[in-house]
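Visitor: model this:
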Amino acid sequence: MKKTFYRVMTEFYDNGTVKACITSRETKVKPDSKHRETAIADCYEVWFDTMAEAESVLKEARAT
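Guide: As a prediction, this is how the structure comes out:
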């Protein structure tokens, strides 16, 4: 049975800019979260079971 999971994608740039959004995917297993660093930003993809959890993290990221 498939379930909907919610991904918060955040990018924290060296100049202080923060970009963040929520996307979703319907799948049987929750995807793995990821982190990568570039020359100008740290990028995160974190998966959550509920939209409420994802929205809370999104709100926190945008307040940074």
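
Visitor: and the gap between the most centrally placed residue in the chain and residue 60?
Guide: In the chain, the centroid-proximal residue (CA atoms, centre = their mean) is residue 8; its distance is 1.9 Å. According to CB to CB, to the nearest Å, residue 8 stands 9 Å off from residue 60. Any C-beta I mention is one placed from the backbone N, CA and C, and that applies to glycine too.

Visitor: ditto for residue 20
Guide: Distance of residue 20 to residue 60, given as CB to CB: 9 Å.

Visitor: what does residue 16 give?
Guide: Using CB to CB, residue 16 is found at 16 Å from residue 60.

Visitor: among these two, which residue is more densely surrounded?
Guide: Set residue 16 next to residue 60 and count neighbours by other CB atoms under 10 Å: residue 60 wins out with 12 against 7.

Visitor: which neighbouring elements make contact with the helix or strand harbouring that one?
Guide: Secondary structure assigned from DSSP states H and E places residue 60 in helix 51-62. Contacts defined by 3 or more CB pairs under 8 Å, 6 or more residues apart in numbering; DSSP states H and E place helix 51-62 against strand 3-13, strand 18-27, strand 41-48.

Visitor: if you set the cut-off to 7 Å instead, what comes out?
Guide: Contacts defined by 3 or more CB pairs under 7 Å, 6 or more residues apart in numbering; DSSP states H and E place helix 51-62 against strand 3-13, strand 18-27.

Visitor: neighbouring contacts of that helix?
Guide: 6, 8, 10, 18, 20, 22, 46, 48 (CB atoms under 7 Å, 6 or more residues apart in numbering).

Visitor: give me that answer again for 10 Å
Guide: Helix 51-62 is contacted from outside by 4-12, 18-24, 44, 46-48, 50, using CB atoms under 10 Å, 6 or more residues apart in numbering.

Visitor: alright, that wraps it up for me.
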